[in-house]
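In: quick one, structure for this:
(chains A and B)
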Amino acid sequence: MKKKSVKNDNSTVNSLLVRRPIQRWFPLFILPTFLCFIIGFIWPFAQGIYLSFCTFNTPKDATWVGVQNYVKAVTDPGFTNAFWNTAKFAVVSIILINVLAFSIAYALTQKMRGANLFRTVFFMPNLIGGVVLGYIWSMIFDAILKQYNTYLTANAKYGFWGLVILVAWQQIGYMMIIYIAGLQAVPGDMLEAAKIDGANGWQTLFRVIIPNVMPSITICTFLTLTNSFKLFDQNMALTGGAPEIMAQGAKIKMTELLALNIYSTYNINKNWHGVAQAKAVVFFILVAVLAIAQQAATRSKEVQQ
Amino acid sequence: MKTKERYSAGSTVLSCFFVLLCAVWIVPIFEVIINSFKSNNFVNLDAFALPNAESFVGWDNYVKGMTFGNYPFLKSVSYSFIITVLSVFLILLFTSMSAWYIARVNNRFSKGFYYLCLFSMIVPFQMVMFTLSFTADQLKLNTPFTIPVVYLGFGAGLAIFMFVGFIKGLPLEIEEAAAIDGCSPVQTFFLVVLPMLKPTLISVGILQTMWIWNDYLLPYLVLDRTKYMTIPIHVQYLKGSYGTVDLGATMAVIMMSIIPIIIVYMFCQKHIIKGVAAGAVKG
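Out: Predicted coordinates:
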């Protein structure tokens, strides 16, 4: 409360001394970013929504067709398959990455020799791009599977779990860094109090530490959720969606996730450009709803300090 | 955690376990290194075998990788470098300026712009990619020297969000003092505010560099592909365009694309890890 009243006081002075002169410099401070923001985001976004109701080759020859694209999009077996793949992938990777990242972070914040070195190693895969990672791992998985006389794209299961392993390897280090920051912020006197009150290790972990790192858990589940829904590079480079099967009169790429499906739909032919854009809109709404719901769900569990 | 001053026996066991885990963790990188020195047949035969007298080809794969796919690898490296440096510079400069305006001028435009930025952070790239590539094509943003405009536009959301969060916590008195002393807003920003933004400049810079350097789809769709490739596009092109891929040479190319990252990481490790942690806590 105190902080708020100070802020209000400031803002009255603010308008006289700081605000007015800045406003006069609007063209310099705001316009470059705002114009680029229009070019890079607002205009493509608006045009994207419009074109999802059209058939088009380029935006200039767009003809309005109504919701036809959306009907085609949601009834496309490739799209529904990609949706279930993505959902399964998201659930598995969120649990796996967060549990492992938290455990590693917890261990590394105990007094331990070489903790900094370990942290450096675990974080490293994050710096390598998704396309490169995909090729590195496809070579490794093929080499392993070769010993069983098979290969990565022979079975959708291999591709799926391969992608899980790849993404876990890449992202555990990132989430670990966030959990370490959260764990280091747990007040020491609270841990001391738990110890004096006779709490054992598990009780301290579940009753004291985890409630206190809830903000980090919110962030990490949010990041792993949106990352797995938006995953594209790794999926494309590792399996490219292979193997492919024919079902219900359409080709279905068995290990394709949503983002890759949208991209490949666009490349089928120009009659499918509008459908690809409609899929993208559905995809956007899905990601937005999930992100907001997740924030609401975990924020409510955070401890007030 | 401060109570234990010495390492306990349990912690030594844990350390040993982590040494093993780290060894497993770097296996993929190790694989790339050993296979980049083997000839293609031997990579296909057994990727896990160490190079021996028969399979070792020295630097041949690296020499081959330099011109592999009829496109000089160093050209891709330099385009990646130009795009990343220009884009990150533009993003840091312009979004910090805009963020200061948004944080200090509390009008409808500021609020609207700020909420649009937050909104843009949850929009997946697939939503805008087709239309963005048309727009960029029409505005001639399809070269490495103009694509930073696109990156500034699409990356503005996160950067502005982080800068505004930081600037709102800065004491206004300093800027007021500068104004009283006769600084114009431009002077106040560049001489007073910008130096205080240093920690956030580093975080934003690192997050954006990691994104832009490794980005595949945006440059692939936007750039004029016949003339310009970046490292990820180059790697994808090598793998995608040939029926039978020379795995040894591909691994050499991958190695050459990883080495600069690892060198930078070794020198700026502390900043990178801190930057990521700070960036995420605000996100």
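In: so where's the stretch 51-200 of chain A shaky on pLDDT?
Out: Along the stretch 51-200 of chain A, no part satisfies pLDDT under 70.
In: tell me the residue of it that sits nearest chain B?
Out: residue A:129 (3.0 Å; Cβ to the nearest Cβ). For every residue, glycine as well, the C-beta is placed using N, CA and C.
In: contact partners for that residue?
Out: Residue A:129 is in contact with A:233, B:213-216, B:231-232, B:257, counting by Cβ atoms under 8 Å, 6 or more residues apart in numbering or on different chains.
In: of those residues - the most surrounded one?
Out: Among the contacts of residue A:129, residue B:231 has the most neighbours (other Cβ atoms under 10 Å in any protein chain shown), with 28 neighbours.
In: how much space separates that one from residue B:268?
Out: Residue B:231 sits 19 Å away from residue B:268, going by Cβ to Cβ, to the nearest Å.
In: please give me every residue in contact with the residue in the stretch 201-305 of chain A positioned nearest to chain B.
Out: Nearest residue of the stretch 201-305 of chain A to chain B, counting by Cβ to the nearest Cβ: residue A:284, 4.2 Å away. Residues near residue A:284 by Cβ under 8 Å, 6+ apart: B:123-124, B:126-127.
In: now it: closest residue in space that isn't a chain neighbour?
Out: residue B:127 (4.2 Å; Cβ to Cβ, 6 or more residues apart in numbering or on different chains).
In: okay, now the one you found: neighbour count?
Out: Quick note: residue B:127 (other Cβ under 10 Å) scores 26 neighbours.
In: isn't it right up against residue A:278?
Out: No: here residue B:127 does not reach residue A:278: they are 11.0 Å apart, not a contact under Cβ atoms under 8 Å.
In: so where's the longest helix in the chain?
Out: You didn't pick a chain, so chain A it is. Taking DSSP state H as the criterion, chain A has its longest helix at helix A:77-108.
In: sorry, should have said chain B
Out: Ranking each helix of chain B by length (DSSP H) puts helix B:247-282 first.
In: tell me if that one is near chain A.
Out: Yes: counting by Cβ under 8 Å from any Cβ of the partner chain, chain A is contacted by helix B:247-282 at B:247, B:250-251, B:254, B:257-258, B:261-262, B:265, B:269, B:272-273, B:276-277, B:280-281.
In: tell me, what residue is most central in the chain?
Out: In the absence of a named chain, chain A is used. residue A:227 (1.6 Å; Cα atoms, centre = their mean).
In: that's the wrong chain, I meant chain B
Out: Closest-to-mean residue, chain B, Cα atoms, centre = their mean: residue B:210 / 1.4 Å.
In: care to break the chain down by domain?
Out: Since you didn't name a chain, this refers to chain A. Using automatic domain parsing, the domain parsing of chain A gives A:2-51, A:71-299.
In: I was after chain B.
Out: B:9-64, B:71-241.
In: so how do I select the buried members of the residues of helix B:247-282 next to chain A in PyMOL?
Out: To isolate the buried subset of the residues of helix B:247-282 next to chain A in PyMOL, counting by 16 or more other Cβ atoms under 10 Å in any protein chain shown, use the following:
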select buried, chain B and resi 247+250+251+254+257+258+261+265+272+273+276+277+280+281
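In: may I ask which two of the residues of helix B:247-282 next to chain A are separated the most?
Out: For the residues of helix B:247-282 next to chain A, the maximum inter-member distance is 41.2 Å, found between B:247 and B:281 (Cβ to Cβ).
In: OK, contacts around residue A:166?
Out: Residue A:166 neighbours (Cβ under 8 Å, 6+ apart): A:133-134, A:137, A:234, A:238.
In: from residue A:128, how far out is it?
Out: In terms of Cβ to Cβ, residue A:166 sits 11 Å off from residue A:128.
In: re the thing from before, so of the domains of chain B, which one's packed in deepest?
Out: Most buried of the domains of chain B, by mean neighbour count (mean count of other Cβ atoms under 10 Å in any protein chain shown): domain B:71-241, with a mean of 20.
In: that domain - what's its average pLDDT?
Out: Averaged over domain B:71-241, pLDDT sits at 91.
In: likewise for stretch B:19-33?
Out: Mean predicted lDDT for stretch B:19-33 stands at 92.
In: how far is that stretch from where the chain is centred?
Out: Relative to its chain's centre, stretch B:19-33 lies at 22 Å (Cα atoms, centre = their mean, to the nearest Å).
In: do it and chain A meet?
Out: Yes: Stretch B:19-33 is in contact with chain A by Cβ under 8 Å from any Cβ, via B:19, B:21-22, B:25-29, B:31-32.
In: now do stretch A:170-184: distance to the chain's middle.
Out: 15 Å.
In: what number of residues lie near residue A:270?
Out: If we define neighbours as other Cβ under 10 Å, then residue A:270 has 13 of them.
In: tell me the spacing between it and residue A:58.
Out: 9 Å.
In: equivalent analysis for residue A:86, please.
Out: 29 Å.
In: quick one, which of these two is more surrounded?
Out: Shown here are residue A:86 and residue A:58; by other Cβ under 10 Å, residue A:86 has more neighbours (23 against 13).
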